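> Below are the sequence and a predicted model; questions follow.
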Amino acid sequence: MEKLYSKKQKKCKLVQAKPETIDFLLSYSKSLKVTKTNGMTFESNLN
């Protein structure tokens, strides 16, 4: 009979993000502007 060498993995614990973190990431992504010109890429944070 074949031996199985896998171990039982621990269950993953789901993590909840704080509302402040979500607000920060959303506002950052809204203010980020990416400009591509002449083969170059510029990233600007418009605050």
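Received the coordinates, thanks. Numbers count the residues shown, from 1 in each chain.
> Any idea how many residues pack against the nearest residue to Tyr28 once chain neighbours are set aside?
Counting by C-beta to C-beta, 6 or more residues apart in numbering, Tyr28 lies nearest to Asn45, which is 7.4 Å off, once chain neighbours are set aside. Every C-beta, even on glycine, is put in place using the N, C-alpha and C of the backbone. Residues lying near Asn45 (other C-beta atoms under 10 Å) number 8.
> Need phi/psi at Asn45.
Dihedral pair for Asn45: phi -100, psi 110, per degrees, to the nearest 10.
> Three-state assignment for Val15, please.
Put simply, Val15 is coil when judged by DSSP: H, G, I helix; E, B strand; the rest coil.
> Next one: it, what pLDDT does it get?
What the model reports for Val15 is a pLDDT of 87.
> Next up, the contacts around it.
Val15 makes contact with no residue under the criterion C-beta atoms under 8 Å, 6 or more residues apart in numbering.
> Which phi and psi values does it adopt?
According to degrees, to the nearest 10, Val15 has phi -110, psi 130.
> Okay, it and Thr21: tell me how far apart.
To Thr21, Val15 is 11 Å away according to C-beta to C-beta, to the nearest Å.
> From the structure, what's the count of residues near Asn38?
Using other C-beta under 10 Å, Asn38 is surrounded by 4 other residues.
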